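Asks: let's see this in three dimensions:
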Amino acid sequence: MAVLSRDAIPTPPPGAISWALESSGVARLHEAGWLGAGVGIGLLDSGVATRHPALIGKVCASASVAPNGRLAVTADIDDETGHGTHIAAILVGDTHEGQRFGIAPEAQLVVARVLEHGDVIERILAGLDWMLTQAIKVLCLPFGIRSSSPVLDPLLEALRENDALIVAPIGNDGIGQSRIPGRSDAVLSVGAHDDQFALACDSGSLNDGPYDCVKPDLIAPGAAIRACAPDGGLQTLSGTSMACAHVAGVGALLRQAVPEATVDQVTRCLQLSAKPLDESQSHRGRHGYLDAVRALSRLRSLVGEASEPRAEPRGLRRSWCDSRLQRLLRDSHDEAWLKSVLVFADREAAEVALDSATRRLRAEPRIRCKPLLNGRIQIVLAPVKIHRQLLAAPALQVANAVDVDWV
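Replies: Numbers count the residues shown, from 1 in each chain. From the prediction side, this is the model:
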């Protein structure tokens, strides 16, 4: 097809092609020479085994966020669990042991190790804040948090405004269940299917009533995916995280093929090019199965046309406070210290609220704060009574306990 052609076509990677690359159309984009060259892909996960033969030279920048939330730019991002290494291999891995599974092997990874141990919400926020400083066109967030909190939304919106295509899994909790960030408006959300295009039984969904599906946007390969293990070999994993990585990888190929396309155009073409689900399954995916070939064709047609104005995000709910923080504030002594994430309308509002609370402390221990997103988000360590004052601030939009359930 002419739509796939380019002037100089590199040799496709060798090796037996995974069923996922075939079923999604990625193999055909590889044949046309689209391998992700020049595209930066951000990844927040458990780390990457950078010395794996299929991943050598793939990470161009990396950082690790300690359990206390402190970020350090470092090459030491070893992966204790294997999850991040597997995802990285789906995104950019070279052929290994005769198996070809990497979607964008000529792209470069920017990795923040944020999962496992410690205050995960604080670590994720720090990783997202760091990604704002990196040259990425795609951001893969292969994790899910059991919460309906919009605490991540300000940073996700800022990253999207920076022209990053953000992709996240809907979660592995089954029909009618979803996780953040996969349920966020700023994110392209992904569910999972197997090699027969059957939806994974535990692939989640966010529904408006019993039939209308709000999320996930797409369904992609996510069952029995063979890719890298930290020990230098291969492993087989399943889940919506793997499906998310396939969509993120295709996003990188599209951004290489049509570099002038905006994030809204890439998102729109991925959605509208998807193959619809059977009517009996339409409540489990909004647009349908990932189709990389149709996505590129539609994107080529869409670029140059007058783009439709982007829909305004629904925005943060005013004074949203998660249930765990509410319980802690209700049940804890006034002098007990708590850590929370507070999102304000803007930096000035945060400064006013914190200044007021600090002045009321008088001779008591000082509030400890870590600002993110230019000060609009504050990670606060302070006594319960000070938290109660901060939660009364008129410009406070979200209050979240730092440690939450996640997978």
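Asks: all strands of the stretch 51-200 of the chain, in order?
Replies: 59-65, 71-73, 99-100, 108-113, 138-140, 165-169, 188-193 (DSSP state E, counting those that start in this stretch).
Asks: now do the buried residues in the second one.
Replies: By neighbour count on 16 or more other C-beta atoms under 10 Å, the buried set for strand 71-73 is residue 71. Any C-beta I mention is one placed from the backbone N, CA and C, and that applies to glycine too.
Asks: what's it packed up against?
Replies: Helices and strands touching strand 71-73, by 3 or more C-beta pairs under 8 Å, 6 or more residues apart in numbering; DSSP states H and E, are strand 59-65, helix 120-131.
Asks: try it again at 6 Å.
Replies: For strand 71-73, the contact count by 3 or more C-beta pairs under 6 Å, 6 or more residues apart in numbering; DSSP states H and E identifies strand 59-65 as packing neighbours.
Asks: can you tell me what sits against the strand it packs on?
Replies: 50, 71-75, 77, 108-114, 123, 126-127, 130 (C-beta atoms under 6 Å, 6 or more residues apart in numbering).
Asks: which of those residues count as buried?
Replies: 50, 71, 77, 108-114, 123, 126-127, 130.
Asks: in a markdown table, list the residues you listed along with pLDDT.
Replies: Below are the buried ones among the contacts of strand 59-65 laid out as a markdown table (pLDDT from 0 to 100):
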| residue | pLDDT |
| --- | --- |
| 50 | 97 |
| 71 | 95 |
| 77 | 96 |
| 108 | 98 |
| 109 | 98 |
| 110 | 98 |
| 111 | 98 |
| 112 | 98 |
| 113 | 97 |
| 114 | 95 |
| 123 | 94 |
| 126 | 96 |
| 127 | 97 |
| 130 | 97 |
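Asks: from these, which single one is nearest residue 343?
Replies: residue 126 (14.5 Å; C-beta to C-beta).
Asks: low-confidence ranges in the stretch 1-150 of the chain?
Replies: 1-12, 118 (pLDDT under 70).
Asks: how about the helices in it?
Replies: In the stretch 1-150 of the chain, the helices defined using DSSP state H, counting those that start in this stretch lie at 19-23, 26-31, 83-92, 120-131.
Asks: quick check: which of those is buried the most?
Replies: helix 83-92 (a mean of 30; mean count of other C-beta atoms under 10 Å).
Asks: what sits up against it?
Replies: 41, 45-49, 54-55, 58, 79, 102, 104-105, 107, 109, 142, 227-228, 230, 237, 245, 249.
Asks: for residue 325, find the nearest of the helices of the stretch 1-150 of the chain.
Replies: Using C-beta to C-beta, these put helix 120-131 closest to residue 325, at 11.1 Å.
Asks: and the angle for the closest one with strand 165-169?
Replies: If you take axes from the mean of the first three to the mean of the last three C-alpha atoms, to 10 degrees, helix 120-131 sits at 160 degrees to strand 165-169.
Asks: which two from the buried ones among the contacts of strand 59-65 end up farthest apart in space?
Replies: Between any two of these (C-beta to C-beta), the greatest distance is 22.7 Å, for 108 and 123.
Asks: how much space between the residue nearest the centre of the chain and residue 286?
Replies: Nearest residue to the geometric centre of the chain (C-alpha atoms, centre = their mean): residue 141, 2.2 Å. Using C-beta to C-beta, to the nearest Å, residue 141 is found at 18 Å from residue 286.
Asks: how about residue 249?
Replies: On the measure of C-beta to C-beta, residue 249 and residue 286 end up 20 Å apart.
Asks: look at those two and report which has more neighbours.
Replies: For residue 249 versus residue 286, the count of surrounding residues by other C-beta atoms under 10 Å is larger for residue 249: 33 against 22.
Asks: for the more buried one, which residues are in contact?
Replies: Here residue 249 is in contact with 91, 103, 104 (C-beta under 6 Å, 6+ apart).
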